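Engineer: requesting a structural model of the entry that follows:
(chains A, B, C, D, E and F, ligands or ions: 4)
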Amino acid sequence: MGLMNTSRMKSPWIIHVNCTACNGCDIEVVAALTPMFDVERFGIVNVGNPKHADVMVVTGCVNPKTARVLKNIYDQMPEPKLVLAIGACGGTGGIFAECYNVLGGPDKVIPVDAYVPGCPPRPEAIIDGAVAALGLFEAKAKAMKEKAKKAAEKAKAEA
Amino acid sequence: MEGYVLALLALATLLPAFCAAICYVIKNRAVRNFVVVVNTLVLFFITWEFVRLLMGSNGSIRINEGSLPAHLGEVIKYLDVLLLGFIGYQGLKLKKPLIVALTLAQLVPVIFFEFFMGVHEPTAAFVIDYLSVVLILLISLVGPIIAIFAIGYMEEHEHHLHLAKTKQPAFFMVIIGFLGAMNALVMTNNLSWMYFFWEVTTLCSFLLIKHDENEISITNAVRALWMNLTGGVAFIAAIIIIYQVKGTLSVEDIAVAPVAGAFTGLFPIALGLLCIAGFTKSAQFPFQSWLLGAMVAPTPVSALLHSSTMVKAGVYLVVRIAPAFIGTILGDMVAIAGAFTFMAASAVAISQSNAKRVLAYSTIANLGLIICCAGIGNYVALAAAILLIVFHGVSKGLLFLCVGTIEQGIGSRNIEDMQGVMKIMPVTTIIMVIGMISMLLPPFGVLITKWLAIEAAVSMPLVLLLIVLGSACTVVFWSKWIGTVLTMSYKPKYAIENIPTSIKAALGILILAVFVVCVGIAPMYNALIDPQLKAFHLTDKIQLIGSQGGLWLTGGSNVAIGGFAVLAVFTIILALFIAIPYYLHKGKSADLRAPYLCGENIDSDLRGAEFMGPGEKPAGTLVRNYYLTGAFGEEKLTHVLNLIAGAIIMLMLGMVIR
Amino acid sequence: MFDFLGSVLKNVISKPATRMYPYETREAMDKARGALGEIEIEKCIFCGICATKCPSIAIKVDKAERSWEFNRLKCIVCNVCVEVCPVKCLHMDKAHLGPLLAVEKTKRNGPPKPAPAAKAAESTN
Amino acid sequence: MIKTTIPFGPQHPVLPEPLHLKLVMEDEKIVEAIPAIGYVHRGLEKLAEVKDFHQNVFLVERICGICSVQHAMAYVQGIETMMNIEIPDRAKYLRVIWAELHRIHSHLLWLGLFADAFGFEALFMQCWRDREKVMDIMEATSGARVVVSVNVVGGTKRDISSEHLAEIIRVVDQVKEDMKNMENAFLNDYTVKHRTVGVGHLTKEQAYSLGAVGPMARASGVAQDLRTLGYAAYNDLCFDMVVETAGDCWARTAVRLKEVYECVRLIKAAIDKLPKGDFAVPVKGNPTGEVISRVEQPRGEVLYYIKGNGTKNLDRLRVRTPTFANIPTLLVMLPGSQLADVPVLLLTIDPCISCTER
Amino acid sequence: MIENIAEITKDQLLGETQKMSGQNYRFVTTSCVDLGDGNLDVLYHFDKDAKLQNLRIKAKRGEEVPSISKIYLCAVLVENEMKELFGLNVTGMAIDYGGHMLLTPEALKNPQSKITIEQRGEK
Amino acid sequence: MIDNLIISLIAIVGAPIIGGLLFGIDRRITARLQNRFGPPILQPFYDFFKLLGKESIAVNQIQMMYVLSHLFFAIAALLMLVLRQDLLMLMFIFAFSTISLIIGAMSVRSPYSKIGAQREIMQMLAYEPVLLLMVFGVYKVTGSFMIQSILDYPMPLIYSLPLVFFAFLYVLTIKLRKSPFDFSTSHHGHQELIKGLTTEFSGTQLALIELTHWYDLMILLGLIALFFAQPLWVGILIALGAYFLEMVIDNICARVTWPWMIKATWLIGVGTALVNIIGLYLRP
Ligand code: NFV
Ligand code: SF4
Ligand code: SF4
Ligand code: SF4
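Structural biologist: Numbers count the residues shown, from 1 in each chain, chains lettered A, B, ... in the order given. Ligands and ions are numbered 1, 2, ... in the order given. Predicted coordinates for the structure are as follows:
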């Protein structure tokens, strides 16, 4: 649907947030960016800055400190935005779920749109996850517009 | 006709003096304010009349010696001696042998020259041509506005100092008197009279710098005094030599293009000495330190010294006599000296965090550019010089007033402390930013003159290199300052600042003036500057014409070889000005997010300046501007630069003697 | 300064190293651990060994209910359960599994355990 | 004078891992840098006390994905000493092969990230491209790319077939070939040297007294490599230590580069000498007592302190990782450096925060 | 089972450490073990030429133990960690994170000590 | 007049299209230089439209104004180029565009964008003299500051200004923010300042900044083409070649530090340009 939506699907800029991961997932995420898998084919760029990013790639579980950071980064991303949780940790906390300093997966803090299981998942699986997540953009964009409209109406009503 | 002009002239010079006296005698605030305002209005009127008369005349308004009251010359002679005597007395009082010595070095030749040599005064005592009118415009428009600003400022200033007895009467006396002296200085055609007014400005500046009477201000005032007295010595020496060689003291006769073979003997040395006098007055390297020291004075004083008076006297003198050395080795050296000052001052300014010092260095740099242009001395360069006198005067006056206002608002003149001043004093800040932009960016005048200067300097690669490097440096210090004052990170509740009416009026008029001179650059150039250049009888092929809302350089065949349509760019600016209110209105606080701090913002507070530091302790972020003190540090550079500048001046004299 | 020039220029003329996944998939490695495959629930005896040995506690076995529950998002694909299962009803898939759009657990209920129950009924009778 | 203060991390594109620094600067010169950690602290040591000692292998592998083989190795060696298990020779050699492959992957990863830290994107890509070859061979031999889970108490989980052994030789030779190009760029390129030579200098004494380990220490001339202890099969493989003396970032790059060659040599030697036979022995009983097990990780010495109590659960599992030992060098290196050098300096210790905080 | 281990009291600690440093030992790390009932074992590991030398002191939770970070700066991290995770009160550390190096202020105190059932219930 | 209007329109519309395409090709070639496959050629446009469709968030509400002035002045500079106006003034207008962005970046309170802005200022300090000297060299040869006269000049400028051209190429690397000079902001975010200058610009604002980059690229390539003005297509080819050279340099250099850059640029850039210009003076 439309230029805007095609563009959205074709240019997802990611921000990679390492919560409390063991690096296994992180290096696979980075590996996906490198020549062998080269996700730039899909327009994916790691921008490293929430204000530019469309997709947040979270690796690892969250602990109280990273929960704070994760929330903050998520809030700073402009709509429409997606969250992709990587690995067993990203789903539930994985093997660390029972640790005293682990709260669980990132979905304890922010809404997660897609999960990529594995420990660590292969870069191919991460690509699959990204592709699946991109399909959600259209709905997200619609929701954003709705929200904006509502906010505008509310502002008008107040004025 | 003659009588009317005479009356105007008297008004321009004596009215300020008279008002000054009233200010001093009647120590009543209301009266003082009234006098200042009346003085302002009358000066505006006089300016207007001069412009009108000049337009109607054939190039200049002249007043002959004969039509002046008798004995005026005598009176000035005696006043001259009196003045030097007073300065010497000040030196004695402050126990500064240097000052006494320098005074004596002037007093002796003055007495000898004036009383024993039987000088013929030139017939045309006052000649008001376009250059004079340009300066009168500047002095009589910007000067009084600063005086008005001072009304509000000094109130606050004295309140701050907890003075037992107000010193404002003396202050206003000197300020207004200063304007009169400046007016006379730019109108007179008699070199020895000019010398008298020159020394009056020296004394006035000394008194103003000393105004606060604390230790540092006295030290700096003394420094200003001796440096300017050095210039005075050069001046009087030049007068004597010129009289010996030329047998006349008429500026008009001196400032003519040298006929072949005329540029030999002592005359060039005299011109060189006059240039040095000009250098001291306009604080060129290595004489810059007095102007920096003058920063201790109340801000209106700085504004006055930097924009319309004092330093402009120096460049006025150089530009005035420029036709006499165009194309000579002296001209080249003056150009190099000026360009060097431009570069040096711009470079040192990078390392300054004190706003007033930055402004001071920028003034020095711009004066350097003016002098450089005078030295280059072709059509375009002289146009640039005169235009820059105007643009710089207006913008710099404005900037000083803004800094003064902000200083009183936030209690600091350090640039670093001005982060977020946008929130406390939005109006002043915006005015100041426009002022700064007018010093730096197109389509404002200062940049246009820089552009002209570069286009004019093509014949001298060294000068060009210096200008080019210098202008890169100016970008650095202005842009970081602009960025700092504009810092704001959320929708602030604009507290429109509460500033005294007089300050408001002053800022308002000046910002208007900044725009007017820029938008009206073409007509202004055509009406006031082009005729003056024509009068200089320059022989360049390249001409400058003002048309299509901009300035255009043409080669011999009327083909543009360079040009700039000022108005076109103003259109863009205008579009942006429409954009500002739109986005001000549009930004809802819901759309505003705290800045990115690596995810560790303490909360979503929109100020966003705090993050969670090590050990779970909050810490604030802060970014200081770069001052590159390693490379451009003042202490380090100043000595070297002074040495080089001194060498250039020595070389200048040396080459001229040969 | 130009020490890497040769390498990059060689790269331009040579074919990119990129594997064009998902348009081309490479063959799965032998014995690769992709994802825990579907349980052959009919074989399972609900002994619970897989659940106790699983380092990540991804399996829950309820003997009484005869259910085997698996949390794919908790599994670390270590192959332990496959190794320990006495009846080999678990196996490892070589290919990885696609993404999930929500947290979901796979719960498999075994067929009701007819034989012993029948026997018990018989014996009482 | 007010000083510039900025946060650096925890979410920062230069470091894939969350490490936070509070930087206080004058212009761009760092005057104070205080690291803050805790973003990857999970409390894994405690978790190891409730899992059984076989399961803990999987747990310690997930202390970190970059050095998981050696973590598992240190752990199982510790348990094996505690339980007096003598593992088969073939298992020892297999462990060396996997460990050294892992070291190659870790070093290539670091070289790439380091290149990225000084803004050399093409070099980063090149390193990671070559690393993929190692990852492929990992997957072929063990079934997984990163967390390979090959070590178990009593030996290894699987054997490596002879085709795979041949493949490994082919791959490591190829990697060695490719490394030659990159070595040139890393060690000789003018712009690279501009960023590494003389940056983050540590003298031998400083390195030693700050307790630096691994390539950090070896680049400063401290000859210290635990593979000299001769655990697994290292005793038979004539291991050569790579030592540099310059003590700056350049030297650390050189050490890691040259270690890759050494790894290649070790792998080939191990494959050469690989004895036939079993690769695991059955394990009975539970560990008891205290033991300290040390292994050379890609980043340096790791120390496991294990205390068993005769049950299948352990009393205490303590891990001191190399990055933990290398972080104090940052406290010395960062002040006085430039802001632009911060990423370079951070990466030069090859930080692995997940190891550090467990 | 551990070789080269010397049992010392905590008053001897600084002296012994000083001796180690005098003999040019490298500090490796410390290990803290909770023995239950608030008793802690602290092991200090030193190394020279790949040979370990260990010191063991005994302390109670909350008890003051002098910091050796004045002798070995690199001990700060591990001492902060012990303070935070085991509640060992290490005094005089060169950099003190105030007990919040790894955990947030809201987190459970001394999480690595043997926690009784009641305490865990609080979490 | 009408001619000029049409040319301006074509330039305003056409420049970003070509510029965007060139950026797309740049990314593709860069990928190939790194042995990757790379994004589609139209990728910059996808990015652009996507950014337009994002929620607009900002740190302060007049950020947009700086972005607009960044854009407008770049367009103004482009227009001066295609309308063959004063080259020196073009440089000043072009500088205004950059300064707008700098001020915009400083006005937000983010430490990274502020430091990025400081670095950008340092870049200006480095390259401004070279640009001005280049203009000056052009004047020395053609006797005019108007671009028109360069086009009218019978000989390609490169014959008389080879070193100036070299200096300009050097500066081009800085202006395009290519490695080794990508320290104020870099096209991939892996540096100490996150995204430097553009850290706090997002959505539409970022899209406009991208757009301005495209204009910038066209202006710079246009300036290169000027050196070979006769015939124009040679100029264009060489400009493209120079751009390819920039890509290669981008991929074989580490990022240097800005103090080094200032020193090197003043020495190499200003130095070579000066040598060339002094040569012009010595030439009869
Ligand atoms: N630090 C660390 Fe490790 C290693 N090498 C280990 O114990 O990487 Ni994550
Ligand atoms: S899912 Fe596995 S590999 Fe990924 S972070 Fe968690 S433990 Fe590490
Ligand atoms: S180990 Fe096998 S049989 Fe036993 S419960 Fe698990 S799957 Fe079923
Ligand atoms: S593969 Fe491992 S983690 Fe997954 S269910 Fe089986 S034992 Fe548990």
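Engineer: quick check: mean pLDDT of stretch B:282-300?
Structural biologist: For stretch B:282-300, the mean per-residue pLDDT is 82.
Engineer: now stretch D:119-133
Structural biologist: 85.
Engineer: let me know whether that stretch sits next to chain C.
Structural biologist: Yes: shown here: stretch D:119-133 in contact with chain C (CB under 8 Å from any CB of the partner chain) through D:120, D:122, D:123, D:126, D:129, D:132. Every C-beta, even on glycine, is put in place using the N, C-alpha and C of the backbone.
Engineer: buried ones in that stretch?
Structural biologist: D:119-133 (16 or more other CB atoms under 10 Å in any protein chain shown).
Engineer: is that stretch anywhere near chain A?
Structural biologist: Yes: counting by CB under 8 Å from any CB, chain A has neighbours in stretch D:119-133: D:124, D:125, D:126, D:128, D:129, D:131, D:132.
Engineer: what about the closest residue to residue D:182 other than its chain neighbours, which helix or strand?
Structural biologist: The shortest distance from residue D:182 to any non-neighbouring residue, by CB to CB, 6 or more residues apart in numbering or on different chains, is to residue D:126 (6.0 Å). Element membership for residue D:126, per DSSP states H and E: helix D:121-142.
Engineer: pairing partners for the helix or strand that that helix is followed by, with directions?
Structural biologist: Sequence order places strand D:151-152 as the next helix or strand after helix D:121-142, per DSSP H and E. Using DSSP bridges, the strands paired with strand D:151-152 are strand D:155-156 (antiparallel).
Engineer: quick one on the thing from earlier: dump the C-alpha coordinates for the helix holding residue D:126 into CSV.
Structural biologist: Extracted C-alpha coordinates of helix D:121-142, given in CSV (Å, rounded to 0.1, in the frame of the first residue of the first chain):
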residue,chain,number,x,y,z
GLU,D,121,34.5,-0.1,7.9
ALA,D,122,35.9,-2.1,5.0
LEU,D,123,38.5,-3.8,7.3
PHE,D,124,35.7,-4.6,9.8
MET,D,125,33.8,-6.3,7.0
GLN,D,126,36.8,-8.2,5.8
CYS,D,127,37.5,-9.6,9.3
TRP,D,128,34.0,-10.7,9.8
ARG,D,129,33.8,-12.2,6.4
ASP,D,130,36.8,-14.4,7.2
ARG,D,131,35.4,-15.2,10.6
GLU,D,132,32.4,-16.6,8.9
LYS,D,133,34.5,-19.4,7.5
VAL,D,134,35.5,-20.4,11.0
MET,D,135,31.9,-20.2,12.1
ASP,D,136,30.9,-22.5,9.4
ILE,D,137,33.4,-25.1,10.3
MET,D,138,32.3,-24.8,13.9
GLU,D,139,28.8,-25.5,12.9
ALA,D,140,29.9,-28.4,10.8
THR,D,141,31.8,-30.0,13.6
SER,D,142,29.7,-29.2,16.6
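Engineer: that helix and ligand 2, any residue contact?
Structural biologist: No: using CB under 6 Å from any ligand atom, helix D:121-142 stays clear of ligand 2, coming no nearer than 13.8 Å.
Engineer: distance between that helix and the chain's centre?
Structural biologist: Helix D:121-142 sits 16 Å away from the centroid of its parent chain (CA atoms, centre = their mean, to the nearest Å).
Engineer: which helices and strands sit right next to that helix?
Structural biologist: Where contact means 3 or more CB pairs under 8 Å, 6 or more residues apart in numbering or on different chains; DSSP states H and E, helix D:121-142 is packed against helix A:24-33, helix C:5-13, helix D:89-117, helix D:162-188, helix F:232-251.
Engineer: helices and strands of chain E: which one bottoms out on pLDDT?
Structural biologist: Across the helices and strands of chain E, mean pLDDT, DSSP states H and E gives its lowest value to helix E:117-122, namely a mean of 46.
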